[in-house]
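J.: no FASTA, just this:
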Ligand SMILES: [Zn+2]
Ligand SMILES: [Zn+2]
């Protein structure tokens, strides 16, 4: 039975038994900042189990994408070397949220394993928590498991809890006996050894208690079920193979990679490890990138970078040439894209990201490995058995070498790695960059409003409907957040009103500005912030009288600014949609800033946009503006919004209800911002800049409405000014500049020729300077020449005119250097050799040189010695 079929059967079996099939949550957990990656099926249901959230189903089933890196059993260097360590894996699970409990959970589990998969009942063993007799009885009653095959284990193995407090309960595991030959000997047994004979395949968690801070457990009113079965394991058992890597999930990639490398699986341990590492990491890579993890130097991005680099290096060890991981990861999409639709949608993007990362790593890998090999050899010579943390850190810092590669290479040399010391260096670096961050001044908003937040103070937002409203002033605070009765004229601080039309900065949209007129005074609102989802605060400067707590105030948003902001915000949505249309579905918002002056939009895409693509995006957005399309805002449940197909921002937290902004047929996004009610009000749209901000992330800056017109006017004025100077119409400017450039080039060439002519002594009859010394014709002269090349040309010209003699040319250059060229005709070689003469001559200008008997050259650095160099030559000939 193929793994894809097992997954399918699992989900269908539980659907048939009243479970809702829920899609896998992304690999980045949405609500849990403590978790690097989703690592179990229950992660997306955590709030449901805690009773903090309600959904319209009580039973669910999923095939959850999971990733584990680090931790006791998942250190990266194990992955690929053993039968069952993986980074990426799929977790099949069924869940009951206060609905069915132990009896049904056990029945479903048993029925699925024995009837749907057809496992041999006699090879299944059960473990239960030592005090959970209820589960023991049920396994006998419901599944008919004989008591001698039910094992009681302690808290460590069979008790689960979500944290120090909260839901917890006993668990029960199903083990599959792989046969005595797999076992580890006489002491082999469930709960006794760590070998692979009794393979744990399914874990059922019975959440039945609530643990308080003092450790006391009370019964949960509605106990729940959480189960998990790794697809890779059940596939190995169902397919009767000893290693997960031998299942079809991995074999297809392994065979493909082996073919690329021209090697065969199961011939050598080294090759197998490389193939398994590449297969495992290719899966992780193919799944991480669609979930918006991109290679970087920190956090999740760094883990992806480590995976790519580690797999790349194993490929090199096996003899793979060039970049190849994008091919193996693409193969993963071929195999698994049927169930996980997001893979196919981002295939091209994934390929570009991986290829780019492979290529950039290739450049540093050789250098880094060379340095590491040298260090390792030195260490071994010195009798060390660990690589110091400093070495590992240096490799990381200068070559981007992940510690995993150092570990792998060190291991091949029989050395360990001092990880504690490496961590120390990493921490120091982090502290340094943190320190560099600090001192930027202002207190953060949440700490200013700490006391209000503790009291759960909230305010109502009326700004979707109106830009002017009347409300009681609930709190007045100083700039530092101290609550006061009033602020007086000239003072600045904060004001909170029960209801406000001012939009507080959030979701990338800047806060509103405006004014307040209260019973006893007036104030300017400079900015508006949101210390929490439900609280809005105004940053004010009192201009007149007093702003008092309890007074009634009229709050007026600056309409022109707000309208300009709304233009930019609505158009940001149009831009997002247009980018997806032009570049592809992999385009996801990675950041956005919307203010009254401009908009900035960051999105996932590898290459810079071509002028053609920019023009096309601009044209689509403008068409949607000129068509004056309606913009609607609707509040609905998250599920309803998702069912409608609205785009949620990745990793963004949403409440129970969300507002959905829709431009029918064009765009539909979750968004709490303020928007135009018709796209036509945006007027016009121009892209003012396009750039890269990080690997795989591009940024577009743009303007709308009067800002767009102002931007265009500025360019028109600049073009007009340049046109006036060049006496050309703006449309002819490019041609005119091109002509000018050509002219400059021609003139440069002409000047070079003139210089050479000048140096070659066109204006000077040098032969007249020849004198006879000691019966030898000698021409020793200083001349002007820009470089040695020009001087040698001059030398050639003079030699052709002098049948017998010695020529010595010396020139000082603009940079203070001196060149000397010296020639001796053949008939004089028994008396003088150029190579010998030049040494003392060049010595006079602070240099040295040499050459053949007929021609020698030298350089010097002392132009003051030119005269004496010439004198020196004459002296040598005279001697
Ligand atoms: Zn064993
Ligand atoms: Zn928005």
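T.: Okay, I see it. All of these numbers come straight from a predicted model, not from anything done at the bench. Ligands and ions are numbered 1, 2, ... in the order given.
J.: does residue 110 really touch residue 140, like I thought?
T.: No - counting by Cβ atoms under 8 Å, residue 110 stays clear of residue 140, with 11.3 Å between them. For glycine as for every other residue, the C-beta is placed from the backbone atoms N, C-alpha and C.
J.: Neighbour count: those two, which is higher?
T.: residue 110 (21 against 14; other Cβ atoms under 10 Å).
J.: name the element that one belongs to?
T.: helix 102-111 (DSSP states H and E).
J.: Contacts for the helix or strand that that helix is followed by, please.
T.: Next in sequence after helix 102-111, counting helices and strands by DSSP H and E, comes strand 124-129. Strand 124-129 is contacted by residues 113-114, 135-136, 139, 145, 149-155, 157-159, 170-177, 190-191, 198 when judged by Cβ atoms under 8 Å, 6 or more residues apart in numbering.
J.: Which of the residues you listed fall in helices?
T.: Residues of those located in helices (DSSP state H): 135, 136, 139, 155, 157, 158.
J.: Columns neighbour count and distance to residue 41 on top of those residues, output as CSV?
T.: Shown next, in CSV, are the ones in helices among the contacts of strand 124-129 (neighbours: other Cβ atoms under 10 Å; distance: Cβ to Cβ, whole Å):
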residue, neighbour count, distance to residue 41
135, 24, 20
136, 19, 25
139, 22, 22
155, 12, 22
157, 16, 20
158, 23, 18
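J.: export those to a markdown table and tack on pLDDT?
T.: Below are the ones in helices among the contacts of strand 124-129 laid out as a markdown table (pLDDT from 0 to 100):
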| residue | pLDDT |
| --- | --- |
| 135 | 96 |
| 136 | 96 |
| 139 | 97 |
| 155 | 89 |
| 157 | 89 |
| 158 | 93 |
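J.: For the residues you listed, work out which two are farthest apart.
T.: Between any two of those, the greatest separation by Cβ to Cβ is 19.5 Å, found for 139 and 155.
J.: for the stretch 651-800 of the chain, which spans come out with low pLDDT?
T.: Scanning the stretch 651-800 of the chain for pLDDT under 70 picks out 651-656, 757-764.
J.: quick one: the strands in it?
T.: Along the stretch 651-800 of the chain, counting by DSSP state E, counting those that start in this stretch, strands occupy 657-663, 667-670, 685-694, 697-704, 771-773, 776-782.
J.: what's the closest of those to residue 750?
T.: strand 776-782 (26.5 Å).
J.: quick one: strands adjacent to that closest one?
T.: Strand 776-782 sits in its sheet next to strand 771-773 (antiparallel), strand 806-812 (parallel), going by DSSP bridges.
J.: Save those as a markdown table, and put in mean neighbour count and distance to residue 225 too.
T.: Formatted as a markdown table, those follow (neighbours: other Cβ atoms under 10 Å; distance: least, Cβ to Cβ, whole Å):
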| stretch | mean neighbour count | distance to residue 225 |
| --- | --- | --- |
| strand 771-773 | 13 | 112 |
| strand 806-812 | 25 | 92 |
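J.: Tell me which of those approaches ligand 2 most closely.
T.: strand 806-812 (68.5 Å; Cβ to the ion).
J.: who's in contact with the closest one?
T.: Here strand 806-812 makes contact (Cβ under 8 Å, 6+ apart) with 776-785, 791, 794-795, 798-799, 818-825, 828, 832, 837, 841, 845, 863, 866, 869-870, 873, 877.
J.: Could you name the helices and strands sitting against the helix or strand just after it?
T.: Remark: after strand 806-812, the chain's next helix or strand is strand 818-824, criterion DSSP H and E. Secondary-structure packing of strand 818-824 (3 or more Cβ pairs under 8 Å, 6 or more residues apart in numbering; DSSP states H and E): helix 788-801, strand 806-812, helix 834-843, strand 855-860, helix 866-878.
J.: try 7 Å
T.: helix 788-801, strand 806-812, helix 834-843, strand 855-860 (3 or more Cβ pairs under 7 Å, 6 or more residues apart in numbering; DSSP states H and E).
J.: would TSV of the ones you listed with distance to residue 75 be doable?
T.: As requested, the helices and strands packed on strand 818-824 are exported to TSV (distance: least, Cβ to Cβ, whole Å):
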stretch	distance to residue 75
helix 788-801	62
strand 806-812	67
helix 834-843	65
strand 855-860	59
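J.: most neighbours per residue, which of these?
T.: strand 806-812 (a mean of 25; mean count of other Cβ atoms under 10 Å).
J.: Which residues of the protein lie near ligand 2?
T.: 671, 673 (Cβ under 5 Å from the ion).
J.: Let's check: the centremost residue of the chain is which one?
T.: residue 294 (3.5 Å; Cα atoms, centre = their mean).
J.: you'd agree that one is up against residue 300?
T.: No - using Cβ atoms under 7 Å, residue 294 is not in contact with residue 300, being 8.9 Å away.
J.: if we can go back for a sec, ok, which of the helices and strands packed on strand 818-824 comes nearest ligand 1?
T.: So among these, strand 855-860 is nearest, using Cβ to the ion, at 78.9 Å.
J.: For that closest one, which outside residues touch it?
T.: For strand 855-860, the external contacting residues (Cβ atoms under 7 Å, 6 or more residues apart in numbering) are 788, 817-823, 834-835, 838, 842, 845-851.
J.: swap the cut-off to 6 Å and go again
T.: 818-823, 834-835, 838, 842, 845-847, 849-851 (Cβ atoms under 6 Å, 6 or more residues apart in numbering).
J.: And for stretch 509-524?
T.: Applying Cβ under 6 Å, 6+ apart, the set of residues contacting stretch 509-524 is 502-505, 525-529, 540-548, 551-558, 561-562, 569, 594-595, 673.
J.: Give me the subset of those residues lying in helices.
T.: Residues of the contacts of stretch 509-524 located in helices (DSSP H): 561, 562, 569.
J.: residues near the second one, how many?
T.: What it means is residue 562. Other residues near residue 562 come to 20 when the count uses other Cβ under 10 Å.
J.: list the contacts for it?
T.: residue 512.
J.: per-residue pLDDT, it?
T.: If you check residue 562, the pLDDT there is 95.
J.: Distance to residue 103 for the strands paired with strand 776-782 - can I get that in TSV?
T.: Supplementary listing: those in TSV, determined by distance: least, Cβ to Cβ, whole Å:
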stretch	distance to residue 103
strand 771-773	121
strand 806-812	102
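J.: Compare the ones you listed and give me the one nearest residue 384.
T.: strand 806-812 (57.2 Å).
J.: orientation of the closest one relative to strand 818-824 in degrees?
T.: 170 degrees (axes from the mean of the first three to the mean of the last three Cα atoms, to 10 degrees).
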